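>>> this one's sequence-less:
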């Protein structure tokens, strides 16, 4: 970011990280949680660590639509692959539950959305980029 923005400071750069622990503890007893992932350093590539004989497919949606700061970084020359490998692009946390529980989980968690699915595969993360028409694969 320093290379792109130099000394400029924006509110998006200093917004505190949301802490999810209390909410996760509440959800743990209500749902069959298969995986949890805080999407920070390493961004979406971190999902590879919990995929066994499966692929994660991330779709475009309201939550996966990157905020202005990420669109600005992309416009300054970062590739789709770099954006989703380095930045969370607005997705702070991912909870994996069975498809049959996903809609109920969304109803019980403010500001959440179904962003994708897990399908049989070989451990790939596939993201429909919001920055272009490409599909990013890790």
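Yep, that arrived. Just so it is clear, the model here is predicted, and its values are computed rather than measured.
>>> pretty sure residue 125 contacts residue 54?
No - applying Cβ atoms under 8 Å, one finds residue 125 not in contact with residue 54, separated by 10.3 Å. Heads up, the C-betas are built off the backbone N, CA and C, glycines and all.
>>> Looking at the two, which one has more neighbours?
Set side by side, residue 125 and residue 54 show more neighbours around residue 125, with 22 against 17, by other Cβ atoms under 10 Å.
>>> list the contacts for that one?
Counting by Cβ atoms under 8 Å, 6 or more residues apart in numbering, residue 125 touches 44-45, 47-48, 51, 55-56, 58, 137-138.
>>> Okay, and the beta partners of it?
residue 56 (DSSP bridges).
>>> measure it to residue 69 for me?
22 Å (Cβ to Cβ, to the nearest Å).
>>> right, and residue 121 touches residue 47 too?
No - using Cβ under 8 Å, residue 121 is not in contact with residue 47; the gap is 11.9 Å.
>>> More neighbours: those two, which one.
Higher neighbour count among residue 121 and residue 47: residue 47, with 24 against 14, using other Cβ under 10 Å.
>>> Could I get the buried residue list for the top helix by length along the chain?
Determined from DSSP state H, the single longest helix within the chain is helix 99-108. For helix 99-108, the neighbour count (16 or more other Cβ atoms under 10 Å) marks 102, 105 as buried.
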